[in-house]
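# how does the following fold in three dimensions:
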Amino acid sequence: MRPRLVTAALTAAAAVAGSLGTRPASDWYTSLDKPDWQPPPAAFPLVWTPLYGLIGWGTGRALERARRRSPRDGRRVLALTTADLATNAGWCWVFFARQSPGAGLAVIAGLDVLNVALLREAARHDRRAAAALAPYVAWTGFATALNASVWWRNRSR
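A predicted model of the protein is given here:
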C-alpha cells in the first residue's frame, strides 16, 4: 500500500477514535475549573482538522522518504506514527471518558515524547515532512499546559 494512504488511514482512524471518546459538553467537563486562557470549545475542531491533515501528509511524506532509504527506516517511521496516533486518540478516552485529568496528563506527556521523536525522525528523511508536523507538536505542547492547569485546578475533586 502507498505510504500516504497508510498514514492517511491511520490519521483518520485516530481522529475518529479520539472524537468518539471526547465529551466536552458533559456535565463532568463543564463543571471543571478551567483557566481563562483556554480557547473556546469551537476552536478545537477548527485547530484539529487541519492538524490531522498535516499529520497525515507529513508522516506519509516521511514514510515515503524513509522507505527509499531502507526498509528499517520505513518501519521506524511507521511504528512511531502508529504509536503517536494511538496515544493521541487514547488521551481523549483517558481524559474525557475516564474523567481523569491526572491520567490524561500522563498520557499527553507520553504523547509529547512521541511527537518529538516523530518530528526528529521525519526531519532525518525530509524537512518538509518535519515542517508539516511542527504545528502538531506545538499545539500538543499547548494542550499539555492546558491539561496540567485543569488537573492542578481540580486536583482535590
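
# name the residue closest to the centre of the chain, please.
Central residue of the chain (CA atoms, centre = their mean): residue 88, 3.9 Å from the mean position.

# tell me which element that residue is part of?
Per DSSP states H and E, residue 88 falls inside helix 71-92.

# mind listing what's buried in that helix?
By 16 or more other CB atoms under 10 Å, the buried positions in helix 71-92 come out as 73-74, 76-78, 80-82, 84-92. For the C-beta atoms, the positions are set from N, CA and C on the backbone; glycine is no exception.

# buried ones in stretch 24-32?
residue 29.

# equivalent analysis for stretch 136-143, please.
Judged by neighbour count using 16+ other CB under 10 Å, the buried positions of stretch 136-143 are 136, 137, 140, 143.

# please compute how far the helix or strand encompassing the third one lies from its chain's middle.
Taking DSSP H and E as the criterion, the element that holds residue 140 is helix 127-153. Taking CA atoms, centre = their mean, to the nearest Å, one finds the center of helix 127-153 at 8 Å from the center of the full chain.

# again, but for stretch 32-41
19 Å.

# neighbouring contacts of that stretch?
Residues outside stretch 32-41 that contact it (CB atoms under 8 Å, 6 or more residues apart in numbering): 24, 25, 47, 101, 146, 149, 150, 153, 154.

# so which of those is surrounded by the most neighbours?
The most neighbours of any of the contacts of stretch 32-41, using other CB atoms under 10 Å, belong to residue 101, which has 24 neighbours.
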